[in-house]
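In: Provide a 3D model corresponding to the input given below.
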Amino acid sequence: MQNEMILETISVTKNYFGDKSSGVNNVTIFIPKGKITAIIGESGSGKTTLLNLLYGLLQPDSGEVFFKEERVLKREEKLQPAHRVMRLVTQNNQDMDSMATVWESVRSGLWNEELGLETETQKITDSLNMLDIMPLKDQPFGKLSGGEKQRVTIAKALISRPEVLLLDEPFNQVDATYREGLQNDIRYIVKEWGVTVVLVSHDPAEILSMADELIVLKEGEIVENGSPEELYNSPKLLYTAQILASGTLLTSAEAKKIGIKTQRGTVVIYAEHVKIVRGYSNKWTVKQILFKGFFEELIIERDGVVLRATNYAKRKYPKGSLINITIENYFEYGKWETPVRPLPKEV
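Out: Below is the predicted model:
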């Protein structure tokens, strides 16, 4: 069934030491089967707490967590079928033995079942090949690079073919060389195996390219959710816009200085929406150039207003250059400003 839900939380609250500003508060989410759902938010917003509640490492103070309509208990209380079909991968590989070989590390992900040597060997081989780490099978885990370690950890998590894979900042310690390949591996596994992935991340490029659904957390509460395209192109909240994109925050007075007529207190302009164009009124000065690989981000200024602008024509506009721009899009947030009405004329 399309959009069948596999994991749910109903009004879940989990705080620490009685502090309501910690953990999560009254959170209800629905995780669709066979999709990648990303949980995003600033540090301390409750992302990891929510992931641990879904996995059963934590018991909520109130509310309930369900896997296929079965209530998920804390793992210490009772081992359930739901626990057996979920796997959690963290960024620090804390449950891995640094002295064990890659082959032994992946093998340790099997449940204690009598599989037979041939079946066991095939399962390990399949997992190593899936993550492209077969050449490392005899290497000690502790001597691997960060990217290689994370591949081994994920292979261990996948060897028993779980239904749900929970990833807590899985690419945080992975070099850029390995990151994209590992992301592609996860997308392939979701497609081929039908695994449901719940991903916690703070990297906008990572989540926008990977996720089917986004859940935005702020101070332990869900403030927005939807597809990456929806939230990126039409963020309802300033908080979401700042998390997902590189942009500039302007006051209404600053916005009006550069020709944006707004009736709200704050304007956000993504760097990609600032376009450098030909013109005679070159009033913007390039103050700084930030190298971004295949493009640059220019910090430009006019009349005390500073913007970020994406520039693909690298080295064309050196520091101090005067340029002309157009602003193709912007978002408005904050309180509505009351327009000034003329006083009534005396009769």
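
In: how is the chain divided into domains?
Out: 5-235, 246-336 (automatic domain parsing).

In: neighbours of residue 303, how many?
Out: Neighbours of residue 303 under the rule other Cβ atoms under 10 Å: 9. Yep, even glycine has a C-beta here, placed from its N, CA and C like the rest.

In: what's the single longest helix in this protein?
Out: Across the chain, the longest stretch assigned as helix under DSSP state H is helix 176-193.

In: packing partners of that one?
Out: Judged by 3 or more Cβ pairs under 8 Å, 6 or more residues apart in numbering; DSSP states H and E, the packing partners of helix 176-193 are strand 36-40, helix 146-158, strand 164-168, strand 196-201, helix 204-210.

In: buried ones in stretch 176-188?
Out: Residues 178-179, 182-183, 185-186 are the ones in stretch 176-188 that count as buried (16 or more other Cβ atoms under 10 Å).

In: got the angle for the longest helix of the chain vs strand 196-201?
Out: Taking axes from the mean of the first three to the mean of the last three Cα atoms, to 10 degrees, one finds helix 176-193 and strand 196-201 inclined to each other by 160 degrees.

In: tell me the mean pLDDT for helix 176-193?
Out: Averaging pLDDT along helix 176-193 yields 83.

In: how about residues contacting it?
Out: Residues outside helix 176-193 that contact it (Cβ atoms under 8 Å, 6 or more residues apart in numbering) are 34-36, 130-132, 145-148, 150-151, 154, 158, 161, 165, 167, 170-171, 174, 195-197, 206, 209-210.

In: so how do I select the buried members of those residues in ChimeraX?
Out: Command for ChimeraX that selects the buried part of the contacts of helix 176-193, burial taken from 16+ other Cβ under 10 Å:
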select :34,35,36,130,131,146,147,148,150,151,154,158,165,167,170,171,174,195,196,197,206,210
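
In: could you list the low-pLDDT ranges of the stretch 101-250 of the chain?
Out: Along the stretch 101-250 of the chain, the parts satisfying pLDDT under 70 run over 112-114, 177.

In: at 80 instead, please
Out: Counting by pLDDT under 80, the stretch 101-250 of the chain has low-confidence residues at 111-115, 172-178, 205-206.

In: related to what we said a few turns ago, among the domains of the chain, which is the most enclosed?
Out: domain 5-235 (a mean of 18; mean count of other Cβ atoms under 10 Å).

In: leaving out chain neighbours, which residue sits closest to residue 103?
Out: Excluding its sequence neighbours, the residue lying closest to residue 103 (Cβ to Cβ, 6 or more residues apart in numbering) is residue 137, at 4.4 Å.

In: how close does the one you found get to residue 193?
Out: As judged by Cβ to Cβ, to the nearest Å, residue 137 and residue 193 stand 21 Å apart.

In: on that earlier part again, I'd say the residue nearest to residue 103 and residue 105 touch.
Out: No: with contact defined as Cβ atoms under 8 Å, residue 137 does not reach residue 105; the gap is 9.6 Å.

In: common neighbours of those two, please.
Out: Contacts common to residue 137 and residue 105, judged by Cβ under 8 Å, 6+ apart, are absent.

In: helix or strand next in line after the strand or helix carrying residue 214, which one?
Out: According to DSSP states H and E, residue 214 maps onto strand 213-218. The helix or strand immediately downstream of strand 213-218 is strand 221-226, counting by DSSP H and E.

In: hmm, who's touching that next one?
Out: 24-29, 46, 213-217, 231, 235-237, 239-240.

In: ok so, going back, make a markdown table out of the helices and strands packed on helix 176-193 and add distance to residue 17.
Out: Below are those laid out as a markdown table (distance: least, Cβ to Cβ, whole Å):
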| stretch | distance to residue 17 |
| --- | --- |
| strand 36-40 | 23 |
| helix 146-158 | 31 |
| strand 164-168 | 22 |
| strand 196-201 | 22 |
| helix 204-210 | 30 |
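
In: report the contact partners of the residue nearest to residue 167 when sequence neighbours are not counted.
Out: Excluding its sequence neighbours, the residue lying closest to residue 167 (Cβ to Cβ, 6+ apart) is residue 199, at 4.7 Å. Each residue near residue 199 by Cβ under 8 Å, 6+ apart is listed here: 36-39, 167, 170, 207, 210-211.

In: pull the most distant pair out of those residues.
Out: For these, the maximum inter-member distance is 13.9 Å, found between 37 and 170 (Cβ to Cβ).

In: show me where this protein has helices.
Out: Under DSSP H, the chain gives helices at 47-55, 81-84, 102-107, 117-130, 146-158, 176-193, 204-210, 228-233, 238-244, 252-257.

In: closest to residue 94 out of the ones you listed?
Out: Proximity to residue 94 (Cβ to Cβ) singles out helix 146-158 among those, at 9.8 Å.

In: what packs against that closest one?
Out: Packing contacts for helix 146-158, counted by 3+ Cβ pairs under 8 Å, 6+ apart, involve strand 86-89, helix 102-107, helix 117-130, strand 164-168, helix 176-193.

In: need those in CSV with distance to residue 80, can you?
Out: Formatted as CSV, those follow (distance: least, Cβ to Cβ, whole Å):
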stretch, distance to residue 80
strand 86-89, 10
helix 102-107, 24
helix 117-130, 23
strand 164-168, 13
helix 176-193, 22
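
In: measure stretch 84-98 end to end?
Out: In stretch 84-98, first residue to last residue: 24 Å (Cα to Cα, to the nearest Å).

In: that should have said stretch 127-137, apologies.
Out: 11 Å.
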